[in-house]
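Chemist: starting from these lines, generate the structure:
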Amino acid sequence: MAKDKFDFRDWAPDYDSQVAKASPTDNWMFGGYDRILNTVVKYCKLAENSYFTVLDIGIGTGNLAARFLSNDMQVIGIDPSSEMLKICGNKFPSINMLLKGDFLHYPEDLEKVDVIVSTYAFHHVKPKDKIKAIQMMKDQLKPSGRIVIADFMYKNADAVESTHKLIKEKYKADMAKTFEGEYPALYYELAAEFSKAGFKVTGEQLSVSVWLICAAL
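Modeler: Residues are numbered from 1 along each chain as shown. Presented below is the predicted three-dimensional model:
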């Protein structure tokens, strides 16, 4: 796999402390962090399905993966950051497999899984590559599997400017500057692409900047 610009070598050691501090707040970026991760698990409907394996794309330090471990699931994690993978492995040695990868580059011979999840990572994928990423995820799923993604998104094109304005006024932050060179999706456009790929799509807005999309086969 080609070298990924999202190595996060400098951020990785402080990531957990930053999200833990922001989680109880309504911070525009990581406010409600624990609630958002719990909602991802909820949409996986583990109690209603005989799911056993989960692939976490952009596993980071393993905070979402930990929730699947507590549900006795087999976790496979991929991430472009070696430092994130190292921290994740130290925190959760019971994770079955931790490998370099991303939405467009899977490790060779990766077995199909029941569920694919991802948080705060899909905005790294360029618009022209998001459709390819959807198909790659679909190809990696077992029958009756599902994908659950929570990420920075806008409701639609009309909401981009108003979202930026709201964040500037309420949180004194510049979302546009923060995401220069990155690609938050438009929720309804992304949902339409999942539908075109044959998924039944549900979802909701979880914070001012984070939306969740669930795509089930």
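Chemist: which parts of the longest strand that the chain contains are buried?
Modeler: Ranked by number of residues, the top strand in the chain under DSSP state E is strand 141-154. Buried residues in strand 141-154, defined by neighbour count with 16 or more other C-beta atoms under 10 Å: 141, 145, 146, 147, 148, 149, 150, 151, 152, 153, 154. Just so you know, the C-beta spots here come from the backbone N, C-alpha and C atoms, and that holds for glycine as well.
Chemist: and the average pLDDT for the helix or strand just after it is what?
Modeler: Going down the chain from strand 141-154, the next helix or strand is helix 159-171, by DSSP states H and E. Averaging the model's pLDDT scores along helix 159-171 yields 98.
Chemist: what's the helix or strand just after helix 159-171 in contact with?
Modeler: Downstream of helix 159-171, the next assigned helix or strand under DSSP H and E is helix 175-178. Applying C-beta atoms under 8 Å, 6 or more residues apart in numbering, the set of residues contacting helix 175-178 from outside is 28, 29, 163, 164, 167, 168, 209.
Chemist: looking at those, state which has the most neighbours.
Modeler: Note: the member of the contacts of helix 175-178 with the most neighbours is residue 209, at 26 neighbours, neighbours being other C-beta atoms under 10 Å.
Chemist: residue contacts, the residue sitting furthest away from the middle of the chain?
Modeler: Going by C-alpha atoms, centre = their mean, the residue of the chain most distant from its centre is residue 169, 26.9 Å out. By C-beta under 8 Å, 6+ apart, the contact set of residue 169 is empty.
Chemist: now it: how far from residue 30?
Modeler: 19 Å (C-beta to C-beta, to the nearest Å).
Chemist: over to residue 67?
Modeler: 17 Å.
Chemist: same deal with residue 45?
Modeler: Separation of residue 45 from residue 30 (C-beta to C-beta) stands at 25 Å.
Chemist: and those two? Which one has more around it.
Modeler: A direct count of neighbours by other C-beta under 10 Å for residue 45 and residue 30 places residue 30 higher, at 20 against 14.
Chemist: what is the neighbour count of the closest residue to that one other than its chain neighbours?
Modeler: Once its chain neighbours are removed from consideration, residue 30 has its nearest residue in residue 22; the separation is 3.7 Å (C-beta to C-beta, 6 or more residues apart in numbering). Other residues within reach of residue 22 by the criterion other C-beta under 10 Å amount to 17.
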